[in-house]
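Okay, predicted coordinates and the sequence, questions at the end:
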There are 2 protein chains.
Amino acid sequence: MSLLVTGSIGIDTVITPFGVSENCLGGSAIYFSMAASFFTPVRLVGVVGADCPFNLHKIFEGRNVDLRGLEVRQLAKTFRWKGSYHNTMSEAITENLELNVLTEEPPKLPDEFKDSKFVFLANTAPALQMELLKQVDSPAFAAADTMNCWIDGRPDDLRQLLAKIDCLVINAEEARALASQSNLAKAAEQILQMGPRILVIKKGESGSLLCAKDGARFALPAYLTTEVKDPTGAGDSFAGAMMGRLAEVGKSDFATLKEAIGYGTVAASFTISDFSLEGWKPISRSDIDARLKKLKELTSF
Amino acid sequence: MSLLVTGSIGIDTVITPFGVSENCLGGSAIYFSMAASFFTPVRLVGVVGADCPFNLHKIFEGRNVDLRGLEVRQLAKTFRWKGSYHNTMSEAITENLELNVLTEEPPKLPDEFKDSKFVFLANTAPALQMELLKQVDSPAFAAADTMNCWIDGRPDDLRQLLAKIDCLVINAEEARALASQSNLAKAAEQILQMGPRILVIKKGESGSLLCAKDGARFALPAYLTTEVKDPTGAGDSFAGAMMGRLAEVGKSDFATLKEAIGYGTVAASFTISDFSLEGWKPISRSDIDARLKKLKELTSF
């Protein structure tokens, strides 16, 4: 089934103990689309400025990513982020942030994308996420990401969005902040009362948690790997593979969600193995499936 | 098979967001023995001072814990620890530490305990752990815990111990410190080269990792629970149930170890549900097995 993603496209500079990647391609929609494209055709909606040095058609060559929702805004500048990771790389330190075009009006959804069934609204102001969601005719499964600045700064907008989506994908600190509850199991219960049927909590190197309003729970460790160079985009590619898998099978029951979370975990492991999208260059769908099998072996008892 | 534990017995004062427990029973050997006793008879070796207010015979009444290795040293004072936990309770802050009798000569192993087959040396100076281990005739599976002060302060003693034990049980930060390696998968490989056949890495709320020298790996999330009042003793009861299960079946192959880690995870969840040993009061073996089943459901896909 069709999968739509709305999110950022950025020019990143990333510093990790393993090197520096200057002015590389980043942004939530990019990482999401790359991972999702191994499962299903992806419709990308995003906006860059005239200064954007990347040819996305070339970058997604051979991958089924529909770029008709990509807007190049002539008088605007592309979103830029500079960040660094230290020690265990569990936390990104933002060294410079230029929102640029992201503070302007969001891109419009092309008419051809309005029949999308699976929708992912990557992190941005919840009011904008809502505006984008309203442009989709009848989504079967709409998911969104958010972050602390909206949880603290736009709680009412966020609550309205939560009432309209099927699934929220956030990290553990965000879940705790959203529920004002330090116990993660309790926080999950409270968030599910705010609207979404499904909550996915990303915990980085500690894995992820899948929670359903009906009480079902699934906990999955991260894929254990010695190859970690740059954690940037791990969460977005996790969401990409998860949503890609759901769209591929056209379902969102708990068993399908569990497997989709597994694919998300695998996708994150490829992303963090190198800077930007480099880790994805040698990857085929069979590599993804092979690693999912290894993940199952790693976690079954 | 027989299971021996050497470790601390303490008078704890613990402060968490859920209350204060003053002068309660604590110490690694206590938490270990309680959890292990649901699987196999336990032989406890530890020392307290004349000021110890606890009747351990009464506390372990009905549990198969052999206290012939308990020494009450008349001129000494019992180990005391005061600690607090805040926010997500992921870290204990030591507010007061009185090692007291733990700085003196360790207790002697009773002759009746020398034929023990499964041995756990809870955290203390590695030279003392080695001394205790030497008193056991022919252990089948010897495991030890350690902590940062010995990793940094007694590296040579620790290396000698690592060459003699079958299994090291430590937390993630300790593993990183011991290997001088921030990537946990790489750190595990390096530690296994130092001697032990098995490494168990405890990650608190993020679960645990089982690593074998032959390359086998197993990752397990923590048991998801809304009932968390006091994390003290979680790691020791994890080790207790793990070793208890191994001794119960008399094996230490990887499949048995995986299940033992599962039992350790379950035991930790009972310990953290209340202060001191309170969480264990209503528990029977069938409760433990029922929760292991739930843990398998939580993690299987």
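On my side now, so go ahead.

Please make it C-alpha for all contacts and neighbour counts, starting now.
Noted.

near chain B, which residues of the stretch 151-300 of chain A?
Within the stretch 151-300 of chain A, the positions near chain B by Cα under 8 Å from any Cα of the partner chain are A:182-186, A:206-207, A:217-221, A:224-226, A:228, A:255, A:258-259, A:296-300.

Buried among those? Make that a PyMOL selection.
Buried residues within those, by 16 or more other Cα atoms under 10 Å in any protein chain shown, are selected in PyMOL with:
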select buried, chain A and resi 182+183+184+185+186+206+207+217+218+219+220+221+224+228+258+259+296+298+299
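
Filter the residues of the stretch 151-300 of chain A next to chain B down to the ones in strands?
A:217-220 (DSSP state E).

which stretches of the stretch 1-150 of chain A form strands?
With strands called from DSSP state E, counting those that start in this stretch, the stretch 1-150 of chain A shows them at A:3-6, A:10-16, A:19-26, A:42-49, A:65-73, A:79-85, A:92-98, A:118-121, A:141-145.

What pairs with the second one, parallel or antiparallel?
Translated: strand A:10-16. Neighbouring strands of strand A:10-16 in its sheet, by DSSP bridges, are strand A:19-26 (antiparallel), strand A:79-85 (parallel).

Deepest in the core, which of those is it.
Most buried of these by mean neighbour count (mean count of other Cα atoms under 10 Å in any protein chain shown) is strand A:79-85; its value is a mean of 20.

what's the angle between it and strand A:42-49?
100 degrees (axes from the mean of the first three to the mean of the last three Cα atoms, to 10 degrees).

distance between strand A:79-85 and the chain's centre?
Chain-centre distance of strand A:79-85: 17 Å, with Cα atoms, centre = their mean, to the nearest Å.

what do you get for stretch A:7-14?
13 Å.

Quick one: residues in contact with it.
A:20-30, A:45-48, A:52, A:78-84, A:102, A:121-124, A:230 (Cα atoms under 8 Å, 6 or more residues apart in numbering or on different chains).

Model confidence score at the nearest residue to A:Asn96 once chain neighbours are set aside, please.
Nearest non-adjacent residue to A:Asn96, counting by Cα to Cα, 6 or more residues apart in numbering or on different chains: A:Lys82, 4.9 Å away. A:Lys82 carries a pLDDT value of 96.

Quickly list what A:Lys82 is bridged to.
A:Thr13, A:Asn96.

mind listing the helices in the stretch 101-250 of chain A by residue range?
Secondary structure of the stretch 101-250 of chain A, counting by DSSP state H, counting those that start in this stretch: helices at A:126-134, A:148-153, A:155-162, A:172-179, A:184-193, A:234-249.

Next one: the nearest residue to A:Val45 once chain neighbours are set aside from A:Leu133, what distance?
Distance criterion Cα to Cα, 6+ apart; nearest residue to A:Val45, sequence neighbours excluded, is A:Gly69 at 4.3 Å. Distance from A:Gly69 to A:Leu133, counting by Cα to Cα, to the nearest Å: 14 Å.

ok, these two, which is more surrounded?
Each of A:Gly69 and A:Leu133 has its neighbours counted (other Cα atoms under 10 Å in any protein chain shown); A:Leu133 has more, 24 against 21.

what's near enough to touch the spatially closest residue to A:Arg159 that is not a sequence neighbour?
Sequence neighbours aside, A:Met194 is the residue nearest to A:Arg159 in space, at 7.0 Å (criterion: Cα to Cα, 6+ apart). The neighbourhood of A:Met194, defined by Cα under 8 Å, 6+ apart, consists of A:159, A:162-163.

Drop anything exposed from the residues you listed.
Using 16+ other Cα under 10 Å, the buried members of the contacts of A:Met194 are A:159, A:162.
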